[in-house]
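*Asks:* need coordinates for the following:
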Amino acid sequence: MSAESRENLPQAEIGILGGTGLYEIEGIKNIEEVDLKTPFGKTSDAFILGLLEGKRVAFLSRHGRGHRILPFEIDYRANIYGFKMLGVERVISVSSVGSLKNEIRPKDIVLSDQFFDRTRRKSSFFGEGIAAHIGFAQPVCSELSNLLFDVGNKLGLRIHQGGTYICIEGPSFSCKGESNIYRLWGCDVIGMTSATEAKLCREAEICYATMNLVCDYDVWHEAEEPVSIEMILDNMKKNINNAKSIIRKALLALSPQRSSECECADALKNCIVTNHELIPQEMKDKLRFIIEKYVKI
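*Replies:* Numbering: from 1, shown residues only. Sure, this is the predicted structure:
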């Protein structure tokens, strides 16, 4: 399905990005599998569209079903642009992380609200003749994140609101020296994906909140076993049902429309600095789903 056929695209209200351990979500009704080809290439997998708790959702497995794609191999721009093509206005991301704080324990959930990005990957839709600079002081949607936190509290889960997520390139985990430096920098959790998604969602004017499932203490904790893939998968299995419960309850409480106070919906306003007449037509067409509010195509 091409990016040009907007009128033929199915639509969804909420996007769900599943990470390690969350490759599908039960209970979605009237399922439709949509394989999108975006101007940035293929998405990680086909989108699974359907009804969940009365909301039209689009689910995407970040690493592909069967976990085939490493964090630095993910085409993040294709994934987020795919959500935009489907009309998604809010994305709930689920990912596995390591803890950098004693008080954040394995099997806890952290709703990070800040990022420290140490990756070297492409994290913007812009360039090639069109320049834009988004504001990113508050990188997640506070309304969406607060809702997830309230739901998690009501379910009696160990959930933390806020904190800094340091995003590394991967695929290897940190050495002890790196882990200890990240702690000195004041970071709370460590992962490999969310900072990139948050930047792209902000450019696409999509509300973004990341629900981080803590699997380990990275490698800094002297009294705990160093992180391993076996540990991650074991703790993830124990926590993944909690994440699914939060998502379902949050969907029930989520209003159909974003509030007028949500700034995500207009995040790109006044941010495109290139003279519109000088933007190459090729780039206007390529970014149409993102810039058509502000640039005549």
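
*Asks:* quick one, helices of the protein?
*Replies:* Counting by DSSP state H, the chain has helices at residues 76-85, 142-154, 176-184, 194-203, 229-253, 281-286, 288-291.

*Asks:* for the worst-scoring helix or strand of the chain on mean pLDDT, list every residue counted as buried.
*Replies:* The helix or strand of the chain with the poorest confidence is helix 229-253; it has a mean of 84 (mean pLDDT, DSSP states H and E). Buried residues in helix 229-253, counted by 16 or more other C-beta atoms under 10 Å: 231-232, 235-236, 239-240, 242-244, 246-251. C-beta coordinates here come from the backbone N, C-alpha and C atoms, glycine included.

*Asks:* follow-up on the earlier one: out of the helices of the chain, nearest to Gln114?
*Replies:* Closest approach to Gln114 among the helices of the chain is made by helix 194-203 (9.5 Å; C-beta to C-beta).

*Asks:* hang on, the earlier thing: next, the angle helix 142-154 makes with the least confident helix or strand of the chain.
*Replies:* For helix 229-253 against helix 142-154, the angle by axes from the mean of the first three to the mean of the last three C-alpha atoms, to 10 degrees is 110 degrees.

*Asks:* what sits up against helix 229-253?
*Replies:* Residues outside helix 229-253 that contact it (C-beta atoms under 8 Å, 6 or more residues apart in numbering) are 14, 16, 20-22, 25-27, 52-55, 57, 92, 94, 96, 106-107, 109, 147-148, 151-152, 154-155, 157, 211, 213-216, 225.

*Asks:* tell me the centre residue of the protein?
*Replies:* Centroid-nearest residue in the chain: Ser93, 4.1 Å away (criterion: C-alpha atoms, centre = their mean).

*Asks:* in the sheet, who's paired with that residue?
*Replies:* Under DSSP bridges, the beta-bridge partners of Ser93 are Leu17, Thr210.
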